[in-house]
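Peer 1: how does the following fold in three dimensions:
(one chain, ligands or ions: 2)
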Amino acid sequence: MSTLTIIDHPLVQRDVSILRDKNTPNHLFRNVLSRIAGMMAFEVTHNFALKKYSILTPLEKTSGFKLKENIVIIPILRAGLGMVEGFMNVLPEAKVGHVGLYRDEETLEPIDYYSKFPKTLSSSLVLLIDPMLATGGSAKTALTFLKNKGAKNIRFVCLVASPAGVKIVQKNHPDVDIFCAAVDRGLNNNGYILPGLGDAGDRVFGTE
Ligand code: PRP
Ligand code: URA
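Peer 2: Ligands and ions are numbered 1, 2, ... in the order given. Below is the predicted model of the structure:
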């Protein structure tokens, strides 16, 4: 069974609260989403393997460390884009793929419309990112998609999750560990997370 890690660092919790506030304007929402993604990246990467290599300081030879695995960051479009920069700031060596999915407003089923992945996908540690895990349909579909393209080692990072979404991902992808900043109460009839933060994509891009 996959693990669920709730990142309860005080700075992360402060930032989730700013994002929840409906009076937070789009530009601040974008900035804070990017900042929180960078902080979450520390927790998500805390057990990444290192490999030693030799370096010369200005004074002598010593050994240093680099990340052992190749890293691929994959945002689920659109809202996941708002977390890419935060992750790239601390993982500049990562490559970036994209999965485009939107939820049909009637059926809530995810519809895919775009994908592009680096060639190293199958040999990399993949971080799939999306601020919202609601019904779980988008994450479940994106994970299946990535596995069909060869990804073997995947972690899913979201900001706000619903209990139902966590259950769906864990049931369908028991090999994928989940990281989030909050698990909220539930979903409304339109599949929105309660209390949640509204439509993340709309708030990132100002399309409410
Ligand atoms: C949002 C969000 C997730 C999805 C979560 O995207 O960014 O991808 O909904 O919902 P689910 O768990 O019920 O599938 P949305 O479909 O609104 O597309 P957008 O990012 O383009 O606005
Ligand atoms: N997608 C969002 O952006 N927000 C929700 O609450 C649910 C799905």
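
Peer 1: beta partners of the residue nearest in space to the middle of the chain?
Peer 2: Residue closest to the mean C-alpha point of the chain, counted by C-alpha atoms, centre = their mean, is Ile129 at 2.0 Å. Beta-bridge partners recorded for Ile129 (DSSP bridges): Pro75, Val157.

Peer 1: what's the distance between it and Ser54?
Peer 2: Ile129 sits 34 Å away from Ser54 when distances are taken as C-beta to C-beta, to the nearest Å. C-beta: built from backbone N, CA, C; applies to glycine.

Peer 1: quick one, what contacts the residue nearest to the centre of the chain?
Peer 2: Contact analysis of Ile129 by C-beta atoms under 8 Å, 6 or more residues apart in numbering lists Ala37, Ile73, Ile74, Pro75, Ile76, Gly80, Met83, Val84, Phe87, Phe156, Val157, Cys158.

Peer 1: now the fifth one: how far from Ile154?
Peer 2: Here the criterion is C-beta to C-beta. By it, Ile76 lies 12 Å from Ile154.

Peer 1: in contact with the residue in the chain positioned nearest to ligand 1, which residues?
Peer 2: Nearest residue of the chain to ligand 1: Gly201, at 2.4 Å (C-beta to the nearest ligand atom). The contact partners of Gly201, taken as C-beta under 8 Å, 6+ apart, are Arg78, Ala79, Thr207.

Peer 1: could I get those in a markdown table, plus columns for secondary structure, pLDDT and distance to ligand 2?
Peer 2: Output for those, formatted as a markdown table (DSSP: H, G, I helix; E, B strand; the rest coil; pLDDT from 0 to 100; distance: C-beta to the nearest ligand atom, whole Å):
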| residue | secondary structure | pLDDT | distance to ligand 2 |
| --- | --- | --- | --- |
| Arg78 | coil | 95 | 9 |
| Ala79 | coil | 97 | 6 |
| Thr207 | coil | 97 | 11 |
